[in-house]
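Turn this into a model:
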Amino acid sequence: MSVPREVAQLTLGSAFFLTLGVIGTILLPATFTPPPSELATAYTPQQLHGRQIYAREGCWYCHTQQVRSTEADQGAVYLAGDIGPVSRAGDYAYQKPVYWGTERQGPDLSHTASRPQTAQRAWQLAHLKDPEALVPGTIMPSYGHLPESDLEDLVEYLLTLK
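Next comes the predicted model:
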């Protein structure tokens with residue numbers, strides 16, 4: 001029993017385009033990494049630990065770290081332009097993997113440390129312990145169950161997002 005010619009052509013064509021897709025979306029970006037921008041800084045051990053907590057606790061599911069177009073007076077954007085400069089590839093030079101988010105339910109965290117209303121360590125720490133107290137109606141869970149040292153490391157990581 002032989003495979004019809006059309007099926008063989010369709011299979012080979014599909015495999016060819018799948019290979020092109022893998023090369024274009026995975027291999028090329030991995031080999032041509034842009035140099036770090038002036039906003040990209042290497043992490044301290046404390047910040048790296050905070051980043052690991054950020055990943056472990058699933059913060060990146062709801063919070064993106066890339067600037068997306070948003071309107072003033074909606075979400076965490078209070079004034080037009082207060083979300084910081086446009087993100088560039090070099091901004092993510094030290095972030096492997098990049099936590100760009102999946103659901104985009106929470107506010108964008110790119111440049112969160114540059115925003116005057118959230119730049120204080122005390123606000124971030126209080127927000128992690130009891131988000132509802134600072135942002136009424138939020139669906140973010142409390143992270144008050146984490147040890148204080150983990151919360152402080154997580155805040156240190158969040159304050160690198162400038």
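
how far is the helix or strand of the chain with the lowest mean pLDDT from where the chain is centred?
Sorting the helices and strands of the chain by mean pLDDT, DSSP states H and E puts helix 28-31 at the bottom, at a mean of 79. For helix 28-31, the separation from the chain centroid amounts to 19 Å (computed by C-alpha atoms, centre = their mean, to the nearest Å).

Give the next helix or strand downstream of it.
Heading C-terminal from helix 28-31, the first helix or strand you meet, by DSSP states H and E, is helix 45-56.

for that next one, packing partners?
With contacts defined as 3 or more C-beta pairs under 8 Å, 6 or more residues apart in numbering; DSSP states H and E, helix 45-56 has these neighbours: helix 148-158. Glycine gets a C-beta too; all of them are placed from N, C-alpha and C.

got the buried residues for the helix it packs on?
Buried residues in helix 148-158, counted by 16 or more other C-beta atoms under 10 Å: Asp150, Leu151, Glu152, Asp153, Leu154, Val155, Glu156, Tyr157, Leu158.

tell me the angle that helix makes with helix 45-56.
90 degrees (axes from the mean of the first three to the mean of the last three C-alpha atoms, to 10 degrees).

what's in contact with helix 148-158?
If you take C-beta atoms under 8 Å, 6 or more residues apart in numbering as the criterion, helix 148-158 is touched by 43-44, 46-51, 53-54, 57, 109, 112-113, 121, 124-125, 128-129, 143, 146.

So the protein: which segments form each domain?
As assigned by automatic domain parsing, the chain contains the domains 1-32, 38-158.

about what we covered before: the buried residues of helix 148-158 into a markdown table, with extra columns for distance to Tyr94?
Formatted as a markdown table, the buried residues of helix 148-158 follow (distance: C-beta to C-beta, whole Å):
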| residue | distance to Tyr94 |
| --- | --- |
| Asp150 | 21 |
| Leu151 | 22 |
| Glu152 | 20 |
| Asp153 | 16 |
| Leu154 | 17 |
| Val155 | 18 |
| Glu156 | 14 |
| Tyr157 | 12 |
| Leu158 | 15 |
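
From these, pick the one nearest Leu10.
Tyr157 (48.0 Å; C-beta to C-beta).

Could you report the distance from that closest one to Leu134?
Computed with C-beta to C-beta, to the nearest Å, the distance linking Tyr157 and Leu134 is 19 Å.
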